[in-house]
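> need the 3D shape of this:
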Amino acid sequence: MVTVEYDGHYGVGEATPLPGWTESYEACREALERASAVADELDPGIALGR
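Purely as a prediction, here's the structure:
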């Protein structure tokens with residue numbers, strides 16, 4: 001499960017890697033880590049757009 005909070009609003013989603021069908025566990029983890037780093041550096045509203 002992935003949650004995002006911005007300006008009092010919350011979003012909930014999921015990251016569901018299915019190796020052999022979608023991305024690998026490693027690729028999913030790396031993408032989530034990159035997204036977290038971007039959100040830490042930018043305004044979350046801008047980060048969500050990217």
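
> can you pull out the helices in the protein?
In chain order, the chain shows helices spanning 25-41, 44-49, with DSSP state H as the criterion.

> now tabulate those in a markdown table and tack on mean pLDDT, distance to residue 18 and mean neighbour count.
The way it works is simple: take the backbone N, C-alpha and C, and place the C-beta from them, glycine included. A markdown table is the format used below for the helices of the chain (pLDDT from 0 to 100; distance: least, CB to CB, whole Å; neighbours: other CB atoms under 10 Å):
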| stretch | mean pLDDT | distance to residue 18 | mean neighbour count |
| --- | --- | --- | --- |
| helix 25-41 | 85 | 9 | 12 |
| helix 44-49 | 67 | 24 | 13 |
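
> so which of these is nearest residue 8?
With CB to CB, the closest approach to residue 8 among the helices of the chain belongs to helix 44-49: 11.4 Å.

> next one, pLDDT for residue 9 please.
pLDDT recorded at residue 9 is 80.

> partner residues bridging it?
The partner list for residue 9 in beta bridges (DSSP bridges) reads residue 6.

> want to throw the helices of the chain into a markdown table with distance to residue 9?
A markdown table is the format used below for these (distance: least, CB to CB, whole Å):
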| stretch | distance to residue 9 |
| --- | --- |
| helix 25-41 | 14 |
| helix 44-49 | 10 |
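
> closest to residue 2 out of those helices?
Ranking those by distance to residue 2, with CB to CB as the measure, places helix 25-41 first at 7.1 Å.

> so which elements touch the closest one?
In this structure, helix 25-41 makes packing contacts with helix 44-49, judged by 3 or more CB pairs under 8 Å, 6 or more residues apart in numbering; DSSP states H and E.
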